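>>> build me a model from this:
(one chain, ligands or ions: 3)
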Amino acid sequence: MSKKVYIETVGCQMNVLDSELVMASLRKAGYGLADSPRDADVILFNTCSVRQHAEDKIYSALGRLKILKQRHPNKIIGVLGCMAQKDQKQIFQRAKHVDLIVGPGQLFQIAALLQQIEADGRPRMEVSLGRRDGSRIRIARSHESFDPLRDPEMRPVRCQAYVRIMIGCDKFCTYCIVPSVRGPEQSRPRRDILAEVRQLADEGCKEVILLGQTVNSYRYVEGDTSWRLSDLLEAIDATNGIQRIKFVSNHPSDMTDDLMDAVRDLPKCARYLHIPAQHGSNAVLRRMKRGYTIEEYRAMHARAIESIPGLAVTSDFIVGFCGETVLEFQATCDLVRDLRFKNSFIFKYSERPNTKSAELYIDDVPNAVKRRRNNELLAIQNAISESDNQPFIGRDVEILVEGPSKVAAQQNDASQISQLTGRTRCDRIVVFPGGREHIGQILPIRIDDVNAFTLFGHLTSPYAEPEMLPLRT
Ligand code: SAH
Ligand code: SF4
Ligand code: F3S
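Residues are numbered from 1 along each chain as shown. Ligands and ions are numbered 1, 2, ... in the order given. Below you'll find the predicted structure:
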């Protein structure tokens with residue numbers, strides 16, 4: 001019988017993609033999938049270090065496996081991803097039953113490392129160089145990730161795929177751990193990306209989501225030609241079979257006109273941009289070293305909204321950053337009220353070791369205040385989201401159906417799905433009654449009701465050919 005792997009993933013889309021690729025490579029090496037740690041021969045955690053809380057969750061999950069490992073010493077426990085890169089050997093010290101530590105740049109070695117551990121029972125660790133541990137080229141090379149192996153069965157949503165176009169980050173926002181765990185910014189060769197998209201389309205994938213920490217900084221130089229994200233979008237738009245294209249996350253400073261024009265003009269581009277502002281106050285943006293003023297952010301946002309009809313913009317915010325005063329926090333609330341984001345992801349500042357803000361500033365906003373500000377900003381945002389969803393009632397939208405809704409998935413009846421979920425072209429979530437045959441299709445839905453997070457509707461024409469539908473929001 002083949003050995004079985006259980007994998008748990010936290011963190012951003014990069015990690016979701018990494019886990020998909022790890023599982024594809026392990027399946028190729030003969031491993032099967034396990035539904036729980038108990039049934040597994042190999043237990044993997046793909047980890048995130050962006051906030052302390054994400055790390056705490058993994059360390060306590062590891063703690064819970066201690067007894068299982070004592071009873072079954074042959075089970076292999078592995079820690080992958082950003083926390084593996086950040087904590088390295090310390091993980092062996094904190095959780096002695098861990099056998100394997102692999103950074104994001106070494107994931108392609110996992111099958112071989114597992115074989116070595118199975119053979120001699122000795123722990124293994126493979127990580128990339130730190131940002132000060134050599135020449136830029138050597139550091140960059142040590143972070144290069146692997147993207148060739150795709151296995152449609154390993155994708156959470158079959159008709160949708162993440163495609164990495166860049167890795168790493170050179171912005172060094174003072175609060176952020178990502179540049180040190182994911183290494184220098186590197187854009188993937190254009191032809192590799194397009195070949196991967198072609199392969200995905202041939203496998204029936206309808207939507208690609210291009211990934212990069214600052215995806216709109218993409219720049220690939222080949223001979224005399226330099227390719228930007230807008231050039232990539234144009235090429236992907238011309239790929240038969242692909243019907244929708246999204247990309248995340250954008251840095252506000254790199255929102256150039258050619259990119260906005262591409263989103264406006266290319267029929268397959270989602271009318272949706274995630275452009276994290278992080279804060280509404282210039283003083284805090286400066287302390288964060290974000291590289292723009294709030295006036296510049298507002299002007300960029302206005303340009304986007306004016307030039308792209310039906311555009312939805314989302315943002316990330318950090319509350320309780322070092323020294324954040326009441327007035328500074330109010331500036332963030334004002335920004336959210338003024339710009340009416342589709343939604344905002346709000347995070348309490350979490351000090352990360354060896355970042356500039358940990359070195360330069362004191363993490364002086366008490367946790368209770370961070371929590372209160374988080375809730376206050378969330379309430380403002382939710383009221384906006386709900387009110388801006390209201391005009392959708394009675395309207396027809398076109399959605400790509402992703403799968404069973406959360407409720408239907410919990411009911412766990414694989415044959416008969418009653419509630420499905422999908423997304424509009426502007427990335428709003430839509431829930432409607434339907435069956436398995438609708439998954440992966442682009443369908444027309446009439447919206448009957450809304451709340452802050454979801455539109456609820458019904459199919460207007462279940463047999464319509466996707467190509468024949470007019471393009472709507
Ligand atoms: N590369 C993306 C986001 C990376 S991390 C970008 O630049 O937009 C995702 C989000 O986590 C960030 O946008 C930020 O809002 C939040 N974040 C990053 N570091 C954090 C920290 N130390 N504490 C709290 N939130 C943080
Ligand atoms: Fe982190 Fe800033 Fe880079 Fe985003 S742009 S990954 S927040 S350093
Ligand atoms: Fe977390 Fe690493 Fe992504 S730190 S947010 S999983 S790049």
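>>> so where's the stretch 51-200 of the chain shaky on pLDDT?
Within the stretch 51-200 of the chain, the stretches with pLDDT under 70 are 146-149.
>>> how about the residues of it near ligand 2?
169, 171-173, 176, 178-179 (Cβ under 6 Å from any ligand atom). Glycine gets a C-beta too; all of them are placed from N, C-alpha and C.
>>> near ligand 3 too, which of these?
Near ligand 3, by the rule Cβ under 6 Å from any ligand atom, you find Val178 out of these.
>>> what is the nearest of the residues of the stretch 51-200 of the chain next to ligand 2 to ligand 1?
Using Cβ to the nearest ligand atom, Cys176 is the member of these that lies nearest ligand 1, at 4.5 Å.
>>> give the contact list for the closest one.
50, 169, 352, 355 (Cβ atoms under 8 Å, 6 or more residues apart in numbering).
>>> now do the phi/psi pair for the nearest residue to Leu194 once chain neighbours are set aside.
Once flanking residues are discounted, Leu194 sits nearest to Ala235: 5.6 Å by Cβ to Cβ, 6 or more residues apart in numbering. Backbone torsions of Ala235, given as degrees, to the nearest 10, read phi -70, psi -40.
>>> state the distance from Ala235 to Lys96.
50 Å (Cβ to Cβ, to the nearest Å).
>>> more neighbours, the two?
Ranked by neighbour count (other Cβ atoms under 10 Å), Ala235 and Lys96 place Ala235 first, with 14 against 11.
>>> hmm, that one is touching Arg198, no?
No: the criterion here is Cβ atoms under 8 Å, and Ala235 misses it with Arg198 at 10.1 Å.
>>> just to revisit the earlier point, can you redo the residues of the stretch 51-200 of the chain next to ligand 2 as JSON lines with secondary structure?
Below are those laid out as JSON lines (DSSP: H, G, I helix; E, B strand; the rest coil):
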{"residue": "Cys169", "secondary structure": "coil"}
{"residue": "Lys171", "secondary structure": "coil"}
{"residue": "Phe172", "secondary structure": "coil"}
{"residue": "Cys173", "secondary structure": "coil"}
{"residue": "Cys176", "secondary structure": "coil"}
{"residue": "Val178", "secondary structure": "helix"}
{"residue": "Pro179", "secondary structure": "helix"}
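>>> make a ChimeraX selection of the buried ones in the residues of the stretch 51-200 of the chain next to ligand 2.
Selection command for ChimeraX covering only the buried members of these, criterion 16 or more other Cβ atoms under 10 Å:
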select :169,171,173,176,178,179
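>>> so what touches the helix or strand where Leu285 lies?
When elements are assigned from DSSP states H and E, Leu285 belongs to helix 282-288. The contact list for helix 282-288 (Cβ under 8 Å, 6+ apart) reads 173-175, 278-279, 292-295, 318, 321-324, 328, 331, 357, 361.
>>> if we use 7 Å, what do you get?
By Cβ atoms under 7 Å, 6 or more residues apart in numbering, the surrounding residues in contact with helix 282-288 are 173-175, 278-279, 292-294, 321-324, 328, 361.
>>> for the stretch 151-300 of the chain, which segments count as strands?
Taking DSSP state E, counting those that start in this stretch as the criterion, the stretch 151-300 of the chain carries its strands at 160-164, 166-167, 186-187, 207-211, 219-222, 225-228, 244-248, 272-274.
>>> and the gap between the residue nearest to Leu194 and Asp99?
43 Å.
>>> one more: Asp231?
Relative to Asp99, and taking Cβ to Cβ, Asp231 is found at 44 Å.
>>> higher neighbour count, those two?
A direct count of neighbours by other Cβ under 10 Å for Asp231 and Asp99 places Asp99 higher, at 23 against 17.
>>> please report how far that one lies from Ser307.
Taking Cβ to Cβ, one finds Asp99 at 53 Å from Ser307.
>>> is Leu44 in a helix, a strand, or coil?
Leu44 ends up strand, using three-state DSSP.
>>> re the thing from before, buried subset of the contacts of helix 282-288?
Of those, these count as buried by 16+ other Cβ under 10 Å: 173-175, 278-279, 292, 294, 321-322, 324, 328, 361.
>>> residues contacting stretch 87-97, please?
59, 62-63, 65-66, 69, 77, 79, 84, 98, 101, 123, 125, 127.
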